[in-house]
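Colleague: I'd like to go over a predicted model; first the sequence, then the structure.
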Amino acid sequence: MTSIFLSPFFIAGAVLWVFAGGVAYFWMVSFLFGAGYQGAPRKSIEVMFRFAEMGPQDTVYELGAGTGAIAFPAAREYGAHVIAVELEPLRILIMRIRRAVGPAADRIQILRRNMYTIDLRPATVVTAFLWPGAMARLRPKLEKELGPGTRVISRCHPIIGWTPTRYDRDTDVFLYRVPEALNPSKFGG
Ligand SMILES: C[S@@+](CC[C@H](N)C(=O)[O-])C[C@H]1O[C@@H](n2cnc3c(N)ncnc32)[C@H](O)[C@@H]1O
């Protein structure tokens, strides 16, 4: 008699559970770190790049890089040097594979680190598609570490207390320019 474990129904059920578990892990686990996973749509990424006026002279920090939706085109299409900061190991692995099989590998650095603890002083552009609480927590760090001329581009979540230089309603993308964004009255923003 065939074991129940070898029946097609059992195998199909098991595969389904593993798949559902994998999807749940991928989307939900990062809530433990403060922000879940959702990839930014290409349309909003294009607005982010246009706002940043990004080029080969830029050092871009993507905070919470996910699978590299912003990091890879920034390096490959705009020639920027990119530091993709991410905590979740599966997404780190996906980025490492993407980097290994595509161009511009030397311009893409993948950091498995907590974004709240890294040194942001080398950044000329910071991109973020995070959560409101994450932006609030990052704000003092951005104020302390970013130099004049740095652009901070956030999708969906404003930095409360800063004044955006530009905002695209259609894609919900905010551009902040340092230091004008921090002290609008002083800079006439
Ligand atoms: C909404 S996703 C955005 C992914 C990617 N930036 C994009 O636009 O497609 C947010 C990402 O932030 C990561 N994340 C959350 N908290 C983090 C932390 N403290 N340090 C590093 N990455 C973090 C999550 O793992 C997740 O991949």
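Modeller: Thanks, I have the structure now.

Colleague: all strands of this protein, in order?
Modeller: Using DSSP state E, the strands of the chain run over 59-63, 81-86, 108-112, 125-128, 151-155, 166-168, 173-177.

Colleague: to the ligand, which of those strands lies closest?
Modeller: Across the strands of the chain, the ligand has its closest neighbour in strand 81-86 (4.8 Å, CB to the nearest ligand atom). Any C-beta I mention is one placed from the backbone N, CA and C, and that applies to glycine too.

Colleague: can you give the strand pairings for that closest one, parallel or anti for each?
Modeller: strand 59-63 (parallel), strand 108-112 (parallel) (DSSP bridges).

Colleague: need the strands of the chain in JSON lines (columns: mean neighbour count, distance to Glu53 and mean pLDDT).
Modeller: Below are the strands of the chain laid out as JSON lines (neighbours: other CB atoms under 10 Å; distance: least, CB to CB, whole Å; pLDDT from 0 to 100):
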{"stretch": "strand 59-63", "mean neighbour count": "25", "distance to Glu53": "12", "mean pLDDT": "98"}
{"stretch": "strand 81-86", "mean neighbour count": "25", "distance to Glu53": "16", "mean pLDDT": "98"}
{"stretch": "strand 108-112", "mean neighbour count": "19", "distance to Glu53": "20", "mean pLDDT": "98"}
{"stretch": "strand 125-128", "mean neighbour count": "28", "distance to Glu53": "9", "mean pLDDT": "98"}
{"stretch": "strand 151-155", "mean neighbour count": "25", "distance to Glu53": "8", "mean pLDDT": "98"}
{"stretch": "strand 166-168", "mean neighbour count": "15", "distance to Glu53": "11", "mean pLDDT": "97"}
{"stretch": "strand 173-177", "mean neighbour count": "24", "distance to Glu53": "10", "mean pLDDT": "98"}
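
Colleague: circling back to that earlier point, would you list the strands paired with strand 81-86 in JSON lines and tack on distance to Glu143?
Modeller: Converted to JSON lines, the strands paired with strand 81-86 look like this (distance: least, CB to CB, whole Å):
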{"stretch": "strand 59-63", "distance to Glu143": "15"}
{"stretch": "strand 108-112", "distance to Glu143": "21"}
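
Colleague: ok, and the closest non-adjacent residue to the residue nearest to the spatial centre of the chain?
Modeller: Nearest to the geometric centre of the chain sits Ala65, at 3.3 Å (CA atoms, centre = their mean). Among residues not flanking Ala65 along the chain, Ala84 sits closest, at 3.6 Å (CB to CB, 6 or more residues apart in numbering).
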